[in-house]
Every structure is written in structure tokens, then in C-alpha cells.
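Undergrad: Sequence and predicted structure below; questions after.
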Amino acid sequence: MDTTSLAPATGNETAAAPAQPADIKPLPLWYFGFEAVASGAYDLYKAFPQILWVLGALAVVNLVVSLTVLRSRLQLAKRLWRGKSTRKIAIGLLALRLGSHFVLALAGMPVVSTAGHLAFAAVMAAITGPLLWFAQRTALRALAAEDARTAELAVREA
């Protein structure tokens, strides 16, 4: 990690690590709304098949925003995906989606109604947004602690 971008100590710092690394900007809250809609997309499509073009347009907007507005935050995304917690969340959400539908089908209560699919979409969106935000927050704290240790080691070696 490049330690030249760290600000010099002013004496007012506390012993705790900074909330986030200086060179990484967190993803904005609205981005997690995109991800929440994406997690509920399957059930939204099942509830309203005619919404497929809207979901496709949202996917394109998400891709364009990710590659333009959020381009500077790609470093954060790469570091997040290297972490085990982000992958665990993604696999857990997929298992929740498939497992819950499978268990309900085995119990003789498959989700076939519009209301059932809308409820599933709402639950998946409500779970996904906060979980991904929390994963980012945790990862940023870990990166800040890593940067602080790296800076401390650099100072000791100098």
C-alpha cells in the first residue's frame, strides 16, 4: 500500500484507526439501492414479466454508473471481492434465494402468486442493501487498520 498519501500526524489523533483509508472513497448509499433491486430482480420478473425491459435498463444504468461515476472506487470493489466476508454474503444470499424457494416447493407451498414474489423481492432487497453496506463498512475499517499498521511500520523503519 502506498503510504505517501497519508496525512502527517498533527497530534490530535486518537489511538483508534481512521474510519476509512485516505485513498479509498466508500460507495454511496444509492449504489446499494441498485444492488438491492438486482437481488430482487428474479422475483420482480416472476411477478411482472413485462418489467423485464425495465430491469434490463437498470442493469445497463448500473453498469454505466459503475464504469463512469464510480470508476475511482473500483479499487475498493476489487479489495472487497478479495475479502472472504463479501463472497460469503454473496453465496449466502444466493443460498437464501434458492433454498427458500426450494424448501417452500418441497413443503407444497411454491411461490406462484404475484404477492408472494413481491414479498420475496422486498425481503431480498431489504436484506441485501444493509448486508452489502455493512460488508463495505467492515472492509473499510480493516483496510484503514492495515494502512495504519503499514504507516506505523514505515515510520519505525525510517
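TA: That came through fine. Numbers count the residues shown, from 1 in each chain.

Undergrad: in the one helix or strand in the chain whose mean pLDDT sits lowest, what counts as buried?
TA: One helix or strand of the chain scores below all others by mean pLDDT, DSSP states H and E: helix 74-82, with a mean of 73. Buried positions in helix 74-82, judged by neighbour count with 16 or more other CB atoms under 10 Å: 76, 79-80. Glycine gets a C-beta too; all of them are placed from N, C-alpha and C.

Undergrad: Out of the residues you listed, flag the one nearest to A47.
TA: L80 (30.5 Å; CB to CB).

Undergrad: Would you map the strands across the protein?
TA: Per DSSP state E, the chain carries no strands over any range.

Undergrad: on that earlier part again, got CSV for the buried residues of helix 74-82, with distance to E146 too?
TA: As requested, the buried residues of helix 74-82 are arranged in CSV below (distance: CB to CB, whole Å):
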residue, distance to E146
L76, 13
R79, 10
L80, 14
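
Undergrad: No further questions, thank you.
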